[in-house]
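Peer 1: mind looking at a prediction? Sequence and model below.
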Amino acid sequence: MAEPLLPDPRVAQEWLEAMLLLRRFEERAGELYAAGEIAGFLHPWAGEEATIVGSVRALRDQDRLASTFRAPAHALARGSDPGRVMAELLGRVDGLCGGRGGAMHVTDVARNFMGGFGIVGGHLPITAGFVLAADVLGREDEVALAHFGDGAAQQGMFAETLNLAALWSLPVVFLATNNQARPAHTPPERHADAADLLERAKGMGVGGLRCDGTDVVDVHATVAKAIRKALKRRRPILVEALTRRGHDPVTPFADRLVATGALGATARGALEARVRDRVEAAVAFARASPEPEPATLLEVPGPS
């Protein structure tokens, strides 16, 4: 099968920069986590850059996004300021949630990123609720995109939400990132293999599409198609993005842009340097931000 056509060079370069930002941000955050500057949990997203950026770039401003506990990556892809994302990871007052959310609960309502959720699959019914509320308010030109891992498909809320979304004609795009690797604690008979997710969704009245989750162009094209279908038919749809754990989708895309003339070698180096500078600036911003005062513990930070 031929590779999907590249978008305009300026668009392709922006996608590459966004993917590189996710990669370098994660690497730097991992160093801070190992050094004890980030407390709690930090779940890496290496290998998912193409799926995250490709799908988020298919959204319109009015569409809502909800993610897993890998929320920092989704916030960055949605356009959140890297400094405020890093400050949230460090638990500082200038974080997107005032330092109260941490890595698993980064939220940026101003950009319609409705947050990360620590409970596997717990955000699926909430995402459907966003669209239900939009319908009630007469905002019918809105969709919601829910990212989740293939493991969440074993949660009861996966079946219940798809069933309700189909019954209520809700335009929700459910995006399953299937890395095709069974976790050590999951028995083989309970693992969702690459073949059955779309079939299971079909049994609940939800159609589906599949894409190469390591190819940002294919992900974008597939999710954009899913959004159009969801809006036109007023139906939910499942997109399965097949990925491979440990696979690097960023370097091959950069190589492809250079090979096709969409990006010069010098420009590639400048882009990579710019991303590193942005990440270091984010770290400096986060470190300079104070920690919340204990007396403010019960205060609710305003929307970012």
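Peer 2: On my side now, so go ahead.

Peer 1: how close does residue 173 sit to residue 206?
Peer 2: According to CB to CB, to the nearest Å, residue 173 and residue 206 sit 10 Å apart. The C-beta positions use only the backbone N, C-alpha and C, and glycine is treated the same way.

Peer 1: likewise for residue 245?
Peer 2: Distance from residue 245 to residue 206, by CB to CB: 26 Å.

Peer 1: now do the strands in the stretch 101-250 of the chain.
Peer 2: 113-116, 144-149, 172-178, 207-212, 237-242 (DSSP state E, counting those that start in this stretch).

Peer 1: of the ones you listed, which approaches residue 299 most closely?
Peer 2: strand 113-116 (18.4 Å; CB to CB).

Peer 1: tell me the buried residues in that closest one?
Peer 2: Within strand 113-116, the residues scored as buried using 16 or more other CB atoms under 10 Å are 113-116.

Peer 1: still on that earlier bit, neighbour-wise, which of residue 173 and residue 206 wins?
Peer 2: Applying other CB atoms under 10 Å to residue 173 and residue 206 shows that residue 173 carries more neighbours, namely 30 against 20.

Peer 1: check what pLDDT that one gets.
Peer 2: Reported pLDDT at residue 173 in the predicted model: 98.

Peer 1: what do you get for residue 151?
Peer 2: Here, the pLDDT recorded for residue 151 equals 86.

Peer 1: how many neighbouring residues does residue 61 have?
Peer 2: 7.

Peer 1: list the contacts for it?
Peer 2: Contact analysis of residue 61 by CB atoms under 8 Å, 6 or more residues apart in numbering lists residue 112.

Peer 1: separation between it and residue 135?
Peer 2: Per CB to CB, residue 61 is found 18 Å from residue 135.

Peer 1: kindly report the same for residue 300.
Peer 2: 28 Å.

Peer 1: of these two, who's got more company?
Peer 2: Under the criterion of other CB under 10 Å, the comparison of residue 300 against residue 135 puts residue 135 first, with 16 against 9.

Peer 1: ok, the more buried one - contacts?
Peer 2: residue 170.

Peer 1: nearest residue to the middle of the chain?
Peer 2: Residue closest to the mean C-alpha point of the chain, counted by CA atoms, centre = their mean, is residue 74 at 3.6 Å.

Peer 1: just confirm that one contacts residue 112, I think it does.
Peer 2: No: using CB atoms under 8 Å, residue 74 is not in contact with residue 112, being 11.3 Å away.

Peer 1: low-confidence ranges, this protein, go.
Peer 2: The model of the chain has pLDDT under 70 over residues 1-2, 181-195, 301-304.

Peer 1: residues of the longest helix seen in it that come out buried?
Peer 2: When the chain is parsed with DSSP state H, its longest helix is helix 9-34. Residues of helix 9-34 classed as buried by neighbour count (16+ other CB under 10 Å): 12-13, 15-26, 28-29, 32-33.

Peer 1: counting contacts, what elements does it pack onto?
Peer 2: Applying 3 or more CB pairs under 8 Å, 6 or more residues apart in numbering; DSSP states H and E, one finds that helix 9-34 makes contact with helix 49-56, helix 71-78, helix 82-89, helix 216-233, helix 250-259, helix 265-288.

Peer 1: cutoff 6 Å now
Peer 2: helix 49-56, helix 71-78, helix 250-259, helix 265-288 (3 or more CB pairs under 6 Å, 6 or more residues apart in numbering; DSSP states H and E).

Peer 1: which of those helices is buried the deepest?
Peer 2: The highest mean neighbour count among the helices and strands packed on helix 9-34, using mean count of other CB atoms under 10 Å, belongs to helix 49-56: a mean of 29.

Peer 1: just the CA trace of that helix, in CSV.
Peer 2: What follows is helix 49-56, C-alpha atoms only, in CSV (Å, rounded to 0.1, in the frame of the first residue of the first chain):
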residue,chain,number,x,y,z
GLU,A,49,3.9,10.6,19.3
ALA,A,50,2.4,10.0,15.8
THR,A,51,-0.9,8.8,17.2
ILE,A,52,-1.2,11.7,19.6
VAL,A,53,-0.2,14.5,17.2
GLY,A,54,-1.9,13.1,14.1
SER,A,55,-5.2,12.7,15.9
VAL,A,56,-5.1,16.0,17.8
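
Peer 1: noted, bye for now.
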